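# Okay, predicted coordinates and the sequence, questions at the end:
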Amino acid sequence: MKIYKVGVVGCGNIASNYDKYAKEFALTHLGGYKKHPQTEVTAICDINKTALISCAKCWKVNNYYTTIKDLLENHELDIISVATPYETHYKIVRQIIEIKKPKAIFCEKPITNNLIDARNLIRLCEENNIILVINHQRRYDRIHELIKERLFYLIGDIQKLTFWYSGGIINSGSHLFDILRFHFGDIAWIQADFSNYDSELDLDILIKFKSGLKGSILSCASNNFSIFEMDLLGAKARFDLIDKHMNEYDYRYFLKEEHELGPLLINKSEIPLSEKLPRDHFVRAISDIIQCIETNKKPISAGEDAYKALEAITASIVSAQNKGKRIYIPLKQEYLREDIKLPKIIGEFKKWEKKN
Ligand SMILES: NC(=O)c1ccc[n+]([C@@H]2O[C@H](COP(=O)([O-])OP(=O)(O)OC[C@H]3O[C@@H](n4cnc5c(N)ncnc54)[C@H](O)[C@@H]3O)[C@@H](O)[C@H]2O)c1
């Protein structure tokens, strides 16, 4: 069995720290690589020495560096994770490729902070024959695969969807647009409005998919509680997937039943998704990366999908800035500019951590 040598750039929350909340499955890049039978973390890198040393100690990694140059010049790496803030992703990927090309790059979401850089990042990887996987982790979660496989059986023909989210349209939006595309295909248009919260870019959105399906995406104040919930209304049932902190889930399932005054939706405690699922999404993402390296297949969470999630975030912001103007996707050339870029954010979880 081939063992792949891994390097991790960025040693913060998603690279390492979130694993302190891990129960059944890995919640970080280092946690995933440590658990995967075919990967070995050779070296790590962070410009912040405190974060670097704490991560090296936690995961017992002997080789650690404060520059990407040292990381790459001292080791032959097959896979490199880029787990730094999104505004650095393009520059870091470019730097990696200039020094020494790995076989694959596992990059955090959003892919970058603007569509031009995202396009260039994807092209750079393609031209250099490097597999690019973006960590829209729900694509690797068995629960979403199962819902996709069983959606018609669960609810019948879908009528409408409502998505509730907190944490801003950048942080949570990248995941929510990606998982909506995973289930319902490409987006046709978006209309958005600013919410009243004083936090980072909370938007309320009306969305239409190319399939004709319409839905609403509603933001909630993250200082009340965290929410990430997909509520689907079909011809015969309503299914509500409630995503909790650190990838735990609840469900609500309401099935149509005949009543003397006409059919009603009745809450069912027994839901048809209750079996135990192998939900180790980081480990499954790493297996996908290895399969892509070995068989040249397309990744489950490809750069192109992440581009489309970023395009939907950008369309939402442009729409809200233009009083809810309907923005069609793919975005017109006029919106593909380097100055149309996502602002920096501190992230819902950091705010949550500060309060507790
Ligand atoms: N997939 C998910 O569910 C998920 C969850 C959280 C964060 N994220 C994403 O992961 C990325 C990082 O978020 P985080 O919360 O882990 O941030 P963080 O601030 O906790 O960690 C980022 C680390 O990168 C380091 N860094 C910054 N620039 C660097 C550079 N040029 N070279 C080396 N190291 C550098 C910082 O010093 C820091 O330690 C963001 O894009 C965020 O959106 C994804």
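That came in fine, so what should we check first? Residues are numbered from 1 along each chain as shown.

# Which residue lies nearest the spatial centre of this protein?
His136 (2.6 Å; Cα atoms, centre = their mean).

# Quick check: that residue touching Gly173?
No. Counting by Cβ atoms under 8 Å, His136 stays clear of Gly173, with 11.3 Å between them. (C-beta placed from N, C-alpha, C; glycine too.)

# Find residues that contact each of those two.
Common contact partners of His136 and Gly173 (Cβ atoms under 8 Å, 6 or more residues apart in numbering): Ala309.

# Pull up the gap between the residue nearest to the centre of the chain and the ligand, please.
7 Å (Cβ to the nearest ligand atom, to the nearest Å).

# Excluding chain neighbours, what is closest to that residue?
Excluding the flanking residues, the one nearest His136 by Cβ to Cβ, 6 or more residues apart in numbering is Asp178, at 4.1 Å.

# Kindly tell me how buried that neighbour is, as a neighbour count.
Other residues near Asp178 come to 23 when the count uses other Cβ atoms under 10 Å.

# That one falls within a helix, correct?
Yes. When DSSP: H, G, I helix; E, B strand; the rest coil is applied, Asp178 is found to be in a helix.

# Next up, the contacts around it.
Contacts of Asp178 (Cβ under 8 Å, 6+ apart): 109, 136, 138-139, 301, 305-306, 308-309.

# at 10 Å instead, please
By Cβ atoms under 10 Å, 6 or more residues apart in numbering, the contact list for Asp178 reads 109-110, 134, 136-139, 301, 305-306, 308-310, 312.

# Report pLDDT for it.
On the pLDDT scale, Asp178 is placed at 98.

# now do Asp250
Asp250 carries a pLDDT value of 85.

# for it, phi and psi?
Dihedral pair for Asp250: phi -130, psi 170, per degrees, to the nearest 10.

# hey, what's it bridged with?
Residues in a beta bridge with Asp250, per DSSP bridges, are Ile242.

# Roughly how far does it sit from Pro85?
31 Å (Cβ to Cβ, to the nearest Å).

# Repeat that for Ile289.
In terms of Cβ to Cβ, Ile289 sits 22 Å off from Pro85.

# Compare Asp250 and Pro85 and say which one has the larger neighbour count.
Pro85 (15 against 11).

# Touching, that one and Asn113? I think so.
Yes. When contacts are counted by Cβ atoms under 10 Å, Pro85 is listed as touching Asn113 (8.7 Å).

# any shared contact partners between the two?
Residues touching both Pro85 and Asn113 (Cβ under 10 Å, 6+ apart) are Lys344.

# Which elements pack onto the longest helix seen in the chain?
Longest helix of the chain, by residue count under DSSP state H: helix 303-321. Counting contacts by 3 or more Cβ pairs under 10 Å, 6 or more residues apart in numbering; DSSP states H and E, helix 303-321 is packed against strand 104-107, helix 115-127, strand 131-134, helix 171-184, strand 187-194, strand 203-209, strand 327-328.
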